[in-house]
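> Starting from these lines, generate the structure:
(chains A and B)
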Amino acid sequence: MNKSKLLCVPLAALLWLPMAPAQAALRVLACEPEWGALVQELGGALVEVAVATTALQDPHHIQAKPSLIARTRNADLVVCTGAELEVGWLPLLLQQSGNAKVQAGQPGNFAAADHVRKLDLPAQLDRSQGDVHAAGNPHIQTDPRNIALVAVALSARLKQIDPANAAAYARAQADFSQRWQQAMARWDVQAVPLKGLPVVSQHKAFVYLYDWLGLKEVAVLEPKPGVEPTASHLQGVLASLKATPARMVLFAAYQDARPSDWLSKNAGIAAVKLPFTVGGSEGAKDLFGLFDDTLSRLLAAGAAR
Amino acid sequence: MIKPLPASLALAFVYAMGQPLAARADSAADIATLRAEMNSLRSAYEARMQALEQRLQAAEKATAALPAPAVPSPPVAATAPAALAASPSSFNPALSLIVSGLYARTSQDPSRYRISGVALPVGAEAGPGTRGFSLAETELGLSASIDPWWRGAAIIALHADDRVSVEEAYVQTTALGAGLTLKAGRFFSGLGYLNAQHAHRWDFVDNPLAYQAMLGTQFGDDGVQLTWLAPTDQFIQLGMELGRGRSFPGSDGSRNGAGMLALTAHTGADLGISHSWRAGLSVLNAKASDQALADVDALGNGITNAFSGRTRVWVADAVWKWAPNGNATRTHFKLQGEWLRSTRSGSLVQDAGGLNLAAPYSASLSGWYVQGVYQFMPAWRLGLRTERLDPAGAYRPTKHSLMLDFNASEFSRLRLQLAQDRSRQGAADRQVFLQYQMSLGAHGAHGY
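Now for the predicted structure:
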C-alpha cells in the first residue's frame, strides 16, 4: 500500500503539469531604449525587457557595471545595435556573463544594424580621423524605415528562440507593422515642409534622419567624430554659415547643449534638442511618440523665423 | 591607327592604277580583291572598336557601382559583419600595443627604497622606480576567439631593460553556460579590485603601498580560475583559483599540489540611475619555501632572509561610482578603497648565506588605501589617494598622492602626479611624475 501511495504523488504531479501556468516570459536585455521599446511592441506580455542604457546616456561610453553583467547572465536574448556602437562595453558583458546563449553568433545575440543599409561608410579606417565606425554610422534608429526592417528581423528571431509562441509573435508583428505603416504615411505628409532644409549637427548622429526627411547637413560642430567641439572649430563653423546658411542646429538629448546654444546665439538660428531615442523627451514615450516628437520639434524650429 | 590605313591602301590603289594597260584585266581583278580586302579590314576594325567601347562602358559602370552599398532586401544571415578587417572576432586577433613613458623626480634615492617594517621580496618592483626619463613597460596584447567554446588572450610586457615577460596568457571558456567561466593559464588574480587591472588602467602612476607590501605589486599566477555568476538580479560572483604559487607571497618550488589557493566573492548593484557600486571579500593562501626577502641588519647593511611557510592575505574592496544620469562623458566621480591583511607563519632564516639564524616566524601586516578620482571637465580628471600600512613596528608608513590627467581620447593619457611618500622612517620622499600612456590597435574593453 505504501509503495503505490508513493507512486501516486509523482504520477499526480505529471498529470497536473499540463495545467500548470504558462512558462515564464522570455528575458530580454536591450542595449538601448529604442530596441527595448521595439521588443516590448513585438513581444507584449511574452517578454520581460530590461534596458541597459537610458536616453540620457551616451551609448558609446557605458561601463560594464555589475548590474549589467547580472542582467546579461540571466538573459535569453540580447538586442543591441551592433556596428561597433557598443564595442566599448558589450563584449565584456558577454564574456563575464557566463551565458552561452547570448554570445556573438548565437541566436540569442541580435544586432539590429545587420538588417539595414548603413550610411557613412568610411573611406579610411584610422583613429586620426576620430571615433570612426568601420561598418558605417550605427545610429540607425532615427529613420522609421529602419525600425520597420529591424522589426521584421527581430520578430523572426523571437519566433526562432521561442517557437512555442510563434503565432503570437506573428500576430504582434502584423499589428505593429500595420500601425507603423500608417504612422509613416502620416509622418511623410507632415514632413513635406522640411525637405531640403539646411541644418547643422553637433555630432554625426542624424545621418539616417536626414536621409529620410531630405534635410541637408551643412556643418558638424565636432571637428572629428567623438571629439568635443573646440572654440576654434566653432568659430570656423560660424564663418562657414555665412556662405552656406543653416536653419537650425540639432543635438541629441544626451549631449551637452552648450556648443549648440553658442551657435544658436551667434548665428541667430534655432537650437533643437531631439530625443534621439525613446525616453529622450516627455513626448517620446514609445517609438511612435519618438518620431511624433522629433517631427514636431523640427517643424516648430523650421517654421519659426 | 585606322586613319593611316585607308590612306596607305589608297596609295597602294593609286600605285596599282599606275600599271601598264596590258595588265588592266589583272588590275580590275586586283582592284576587286583590294576592295574586298579594304572592306573586310574596315569591318574588322569596326568590330574591334565596338568591342573596345563596350568594355570601356562596362568598366565605367563597375567603378560607378563600387561605392554604393547595394542591399535592396535585408540579409537574413544572423551575423553579417560588414567590416571583416576591423572586427576583433574575425580570424585576425585583436592586436594592441600600450606605450608608456615616465619622467620622475624624487628627493630620495629610489635605489635605496624600503618600506619600514616590511620585508619585501628580493628584486621587487617597488618604489618610484628610476629617476629622470625612462620608458615604462610596452605591452603587446593579443586576443581573439579560438573556436566556438574558447577565447584566448595574451599580454606580453617588453621592459625597458630589454627583458620580455609574459604578464598574462590564458584561455577562457565562452559557452559553459550556467554562469560559469573557466580560465586557465597565466593571469592576474581576481582578488580585490585593483589586482586584475593592468598598469595602463591605473588611476595613479604606481600601485598602493599595501599592494606592494603584500601582493608583490600585483599578484599573478599560473593555474586555473573558475568563476560563477549567481542567477539573481543582484550581481553576485564567486571565484576560486588554484595555482602554482610562483609569485610573492608564494614562491616557486617543486610541488605536486597547488601552491596557491584563492577564493573571491564580489557583489554589486545600481542605486538609481546615477550611482553604482561593487564590493567584495577575497582570501589568498600561498606556500613559500626559501623565499628571499630583502632586509637590513642592525648596522644598516643589506641582507637576505629566507622565509618558508604559509601566507594568508585577506582583501576587502569597495568601489562606488557616480555620474549625472549615468552619463560619464562629461563628469563622473569614483571612490574606491581596499583593506588588506597578511599573516605569515613558518620559519625565517635570517641573513641566509651569512649568519644563517633560523627561527620560527609569524608576522602580520595590514594596510589600506582610499582614493577618489573626479572628472571635472571632459578629458580632465583629478585624483587623490591616501594610504597607510600597519606593520609590527611602531612606525606606520603613509603616503599621499595627488594626480591630474588629461585624456585627449580613450586611447591617450598624460598625467602629472605629486606624492609625499613616508614609507621609510625618517626619509620622507617628495615625488613628481610626468607620464604618458597611450594605446594603439584594437584594444578590448576595460572592466568596471
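> Count the residues that sit near residue B:376.
Burial of residue B:376 is recorded as 11 neighbouring residues (other Cβ atoms under 10 Å in any protein chain shown). C-beta: built from backbone N, CA, C; applies to glycine.
> Quick check: it touching residue B:332?
No - in this structure, residue B:376 is not within contact of residue B:332 by Cβ atoms under 8 Å, at 9.7 Å.
> Show me what residue of the stretch 101-250 of chain B gets nearest to chain A.
residue B:235 (3.4 Å; Cβ to the nearest Cβ).
> wait, what's in contact with that residue?
A:66-67, A:69-70, B:229, B:266-269, B:278 (Cβ atoms under 8 Å, 6 or more residues apart in numbering or on different chains).
> From residue A:78, how far off is residue A:49?
11 Å (Cβ to Cβ, to the nearest Å).
> same thing with residue B:249?
40 Å.
> ok, now residue B:271?
From residue B:271 to residue A:78 the distance is 24 Å (Cβ to Cβ).
> which of those two has more neighbours?
residue A:78 (29 against 11).
> So what sits opposite the more buried one in the bridge?
residue A:29, residue A:109 (DSSP bridges).
> thought it was touching residue A:106?
No - contact status for residue A:78 versus residue A:106: not in contact, 9.3 Å apart, counting by Cβ under 8 Å.
> Any idea which residue of the stretch 251-400 of chain B lies closest to chain A?
residue B:268 (2.8 Å).
> Verify the assumption that that residue is located in a helix.
No - according to DSSP: H, G, I helix; E, B strand; the rest coil, residue B:268 belongs to no helix; its state is strand.
> if you skip the residues just before and after it, what's nearest to it?
residue A:66 (2.8 Å; Cβ to Cβ, 6 or more residues apart in numbering or on different chains).
> List the contacts of that neighbour.
B:235, B:266-269, B:276-278, B:448.
> cool, and residue A:211?
Residue A:211 touches A:119, A:143, counting by Cβ under 8 Å, 6+ apart.
> mind running it again at 6 Å?
With Cβ atoms under 6 Å, 6 or more residues apart in numbering or on different chains as the criterion, no residue contacts residue A:211.
> SS state for it?
helix.
> any idea of the pLDDT on it?
Model confidence at residue A:211, given as pLDDT, is 95.
> Which secondary structure element is home to the residue nearest in space to the middle of chain A?
Central residue of chain A (Cα atoms, centre = their mean): residue A:34, 3.9 Å from the mean position. In the assignment (DSSP states H and E), residue A:34 maps to helix A:33-43.
> Could you export that helix as CSV, CA atoms only?
Provided in CSV are the C-alpha atoms of helix A:33-43 (Å, rounded to 0.1, in the frame of the first residue of the first chain):
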residue,chain,number,x,y,z
PRO,A,33,15.9,52.1,-25.2
GLU,A,34,14.7,52.1,-28.8
TRP,A,35,15.2,48.3,-29.1
GLY,A,36,13.7,47.8,-25.7
ALA,A,37,10.6,49.6,-26.9
LEU,A,38,10.6,47.6,-30.1
VAL,A,39,10.9,44.3,-28.2
GLN,A,40,8.0,45.3,-26.0
GLU,A,41,5.9,46.1,-29.0
LEU,A,42,6.7,42.8,-30.7
GLY,A,43,6.5,40.6,-27.5
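> Show me what that helix is packed against.
With contacts taken as 3 or more Cβ pairs under 6 Å, 6 or more residues apart in numbering or on different chains; DSSP states H and E, helix A:33-43 sits against strand A:26-30, strand A:47-51, helix A:166-190.
> Tell me the gap between the helix or strand following the second one and the middle of its chain.
Going back to what we said before, that points to strand A:47-51. Note on strand A:47-51: by DSSP H and E, the next helix or strand toward the C-terminus is helix A:66-74. Taking Cα atoms, centre = their mean, to the nearest Å, the mean C-alpha location of helix A:66-74 is offset from the chain mean by 20 Å.
> If you count neighbours, what's buried in helix A:66-74?
Buried residues in helix A:66-74, defined by neighbour count with 16 or more other Cβ atoms under 10 Å in any protein chain shown: A:66-74.
> Which stretch among the helices and strands packed on helix A:33-43 is buried most, on average?
Most buried of these by mean neighbour count (mean count of other Cβ atoms under 10 Å in any protein chain shown) is strand A:26-30; its value is a mean of 23.
> Contacts for that strand next, please.
Contacts of strand A:26-30 (Cβ under 6 Å, 6+ apart): A:36, A:39, A:47-51, A:71-72, A:74-79, A:162.
> who does the helix or strand containing residue B:388 touch, helix- and strand-wise?
Counting by DSSP H and E, the element that carries residue B:388 is strand B:380-390. Helices and strands touching strand B:380-390, by 3+ Cβ pairs under 6 Å, 6+ apart, are helix B:209-214, strand B:357-377, strand B:398-409.
> For the last one, give the mean pLDDT please.
Summarised as a single mean, pLDDT over strand B:398-409 is 96.
> beta partners for the spatially most central residue of chain B?
In chain B, the centroid-proximal residue (Cα atoms, centre = their mean) is residue B:141; its distance is 5.3 Å. Beta-bridge pairing of residue B:141 under DSSP bridges involves residue B:96, residue B:155.
> ok, now residue A:220?
residue A:201.
> Distance check, it against residue A:234.
For residue A:220 relative to residue A:234 (Cβ to Cβ), the value is 11 Å.
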